[in-house]
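**Q** Sequence and predicted structure are below.
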Amino acid sequence: MIETATTTFLITGVSSGLGRAFAMGALEAGHRVIGTVRRESDAKAFAALAHDLAYPLVLDVTQYDAIPDAVAGAERDAGPVDVLVNNAGYGHEGVVEESTMDDLERQFATNVFGPVAMIKAVLPGMRERRQGHIINVTSMGGFITMPGIAFYCGSKFALEGISEALGKEVAGFGIKVTALAPGQFRTDWAGRSMDRTPRSIPDYDAVMDPIRAGRQAKSGNQPGDPAKAADALLALVKDQNPPTRLFLGEDALGLVEQKLHLMKRELTTWDALSRSTSFDT
């Protein structure tokens, strides 16, 4: 739990979507928010939300070398970061065979390498102060998988693993780490914000055409309320024993429970073969 009455948040990607909702929720609760954006126009709009609490930071999280100085400058203006929310990211839609290695590299640059660079920028100060909370926004796609977004799921699986291991490394310093895994929320993630690989292999039509059409049709009608996700984030930060992983949304919980059931059944089915690989005693 962060002890200061006014917490300083550093939230990446606050110009839209969940990042915008997270920032608005924190500002309305009276907290300071350093919010990263990629355009000067977005920086001015963010600063206007709360002149004494909103601190825009023009930063592309894939520009790793620029992050340490940018974060240090923001902390000089707003104060030491108590809570880092690695929210910036995007979805890539495309089957593996049709997608390119450049697609994969861009996906991991934004969804994995950028968040890690942000973590490395705030960790020394948090470790010195012996407190802090790092919240990595992953996805239900960081635990379950769906055809057609393999690169996205892979990036979120990676961030989940890094989050869990990091939490064990820094627990002794009073630093908490949580992977925040949303289900479907009413943002533009599945619309304008999604990168889509052009279709090229007819064999995948039966898999991809319904998925792509369904996702586009659902965009703007998702069940999750971003404002309620912001409330959940604030509750998470206040808790003295935050979870390693928190799923948001009934859809996420249902799909995760289904996967856990299937995993348990598969473990049982293949138990003998799994155990057969040890040296005989």
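**A** The structure has been received and is ready for your questions.
**Q** Going along the chain, name the helices of the stretch 1-150 of the chain.
**A** 17-28, 40-47, 67-78, 101-108, 114-129, 150-170 (DSSP state H, counting those that start in this stretch).
**Q** Quick one: closest of those helices to V61.
**A** helix 114-129 (3.1 Å; Cβ to Cβ). Glycine gets a C-beta too; all of them are placed from N, C-alpha and C.
**Q** tell me how far stretch 197-207 is from the chain's mean position?
**A** Offset of stretch 197-207 from its chain centre (Cα atoms, centre = their mean, to the nearest Å): 28 Å.
**Q** Can you give me the end-to-end span of it?
**A** 14 Å (Cα to Cα, to the nearest Å).
**Q** What lies in contact with that stretch?
**A** 92-95, 97-100, 103, 147-148, 208-209 (Cβ atoms under 8 Å, 6 or more residues apart in numbering).
**Q** Deepest in the core, which of the helices of the stretch 1-150 of the chain is it.
**A** Ranked by mean neighbour count, the helices of the stretch 1-150 of the chain are led by helix 17-28 with a mean of 23 (mean count of other Cβ atoms under 10 Å).
**Q** Please name every helix or strand in contact with it.
**A** Helices and strands touching helix 17-28, by 3 or more Cβ pairs under 8 Å, 6 or more residues apart in numbering; DSSP states H and E, are strand 8-11, strand 32-37, helix 226-238.
**Q** circling back to that earlier point, please check the contacts of stretch 197-207 and keep the buried ones.
**A** Using 16 or more other Cβ atoms under 10 Å as the burial test, the contacts of stretch 197-207 include 92-95, 99, 103, 148, 208 as buried.
**Q** Out of these, which comes closest to T277?
**A** V95 (32.6 Å).
**Q** Now the closest one: phi and psi?
**A** phi -70, psi 160 (degrees, to the nearest 10).
**Q** Stretch 218-230: end-to-end distance?
**A** Per Cα to Cα, stretch 218-230 runs 22 Å from first to last residue.
**Q** any idea how far R127 is from L166?
**A** Look at R127 and L166: by Cβ to Cβ, to the nearest Å, they are 12 Å apart.
**Q** repeat for V96
**A** Using Cβ to Cβ, V96 is found at 28 Å from L166.
**Q** Next: D60.
**A** 23 Å.
**Q** want to throw the helices of the stretch 1-150 of the chain into a markdown table with distance to H261 and mean pLDDT?
**A** Formatted as a markdown table, those follow (distance: least, Cβ to Cβ, whole Å; pLDDT from 0 to 100):
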| stretch | distance to H261 | mean pLDDT |
| --- | --- | --- |
| helix 17-28 | 28 | 96 |
| helix 40-47 | 43 | 95 |
| helix 67-78 | 41 | 97 |
| helix 101-108 | 29 | 98 |
| helix 114-129 | 30 | 98 |
| helix 150-170 | 19 | 98 |
